[in-house]
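Peer 1: My questions are about this predicted structure, shown below with the sequence.
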Amino acid sequence: MLMRVVAVILLLSAGIAAEAMSYSFVSKASGRLGGPIRFEFYRDSTTRPKTNIESFTVSTRTADDRWKAMWSILSGRGLTQPIEYGVTPPGFTTMIQPQRLIPGRVYSGFASDGHGGSSGVTFGFDKDGRMIFPDSFDE
């Protein structure tokens, strides 16, 4: 019985430790259709850039409420500038070729640093191509 209690405590401790190792950082998107669309990453709400991004994916919300990847890059090291949609930064590999972004759809950019950190930003474009940030996925 004591061994079971010890095993449960160890499992709970491992779960708490894994949760403590995950964290989020800040992602920002800017631009408009027909021009460059950029994604920047920050360690927190300050302007200190986060450069250890290892993967980045832009997905679109489909009619059946699923997410479909529109562009994906992987294995980056030492990001020195914002990521521009469709332009693979030095040191990254394109996993999914970029597809055209269109007004009226909802998109999500998701980044990971490969060490438990992740971040996302939801965005879209109005009919004039200006970037908007919907409050929900259904807008």
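Peer 2: Yep, that arrived.
Peer 1: residues near residue 117, how many?
Peer 2: 19 (other C-beta atoms under 10 Å). Any C-beta I mention is one placed from the backbone N, CA and C, and that applies to glycine too.
Peer 1: That one and residue 100, how far apart?
Peer 2: 30 Å (C-beta to C-beta, to the nearest Å).
Peer 1: and what of residue 135?
Peer 2: In this view, residue 135 and residue 100 are 25 Å apart by C-beta to C-beta.
Peer 1: Show me which helix or strand of the chain is least confident by mean pLDDT.
Peer 2: helix 2-21 (a mean of 42; mean pLDDT, DSSP states H and E).
Peer 1: Mind checking what helix or strand follows it in sequence?
Peer 2: strand 23-24 (DSSP states H and E).
Peer 1: Which neighbours in the sheet does that next one have, and how are they oriented?
Peer 2: Taking DSSP bridges as the criterion, strand 23-24 forms sheet pairs with strand 117-125 (parallel).
Peer 1: What mean pLDDT does the strand it pairs with get?
Peer 2: Strand 117-125 comes out with an average pLDDT of 95.
Peer 1: Now find how far off-centre the following helix or strand past that strand is within its chain.
Peer 2: Later in the chain than strand 117-125, the nearest helix or strand by DSSP H and E is strand 131-132. Using C-alpha atoms, centre = their mean, to the nearest Å, the distance from the centre of strand 131-132 to the centre of the chain it belongs to is 17 Å.
Peer 1: Name the nearest residue to the most centrally placed residue in the chain, sequence neighbours excluded.
Peer 2: In the chain, the residue lying closest to the centroid (C-alpha atoms, centre = their mean) is residue 110, at 1.3 Å. In space, and not counting its chain neighbours, residue 110 is closest to residue 120: 4.6 Å by C-beta to C-beta, 6 or more residues apart in numbering.
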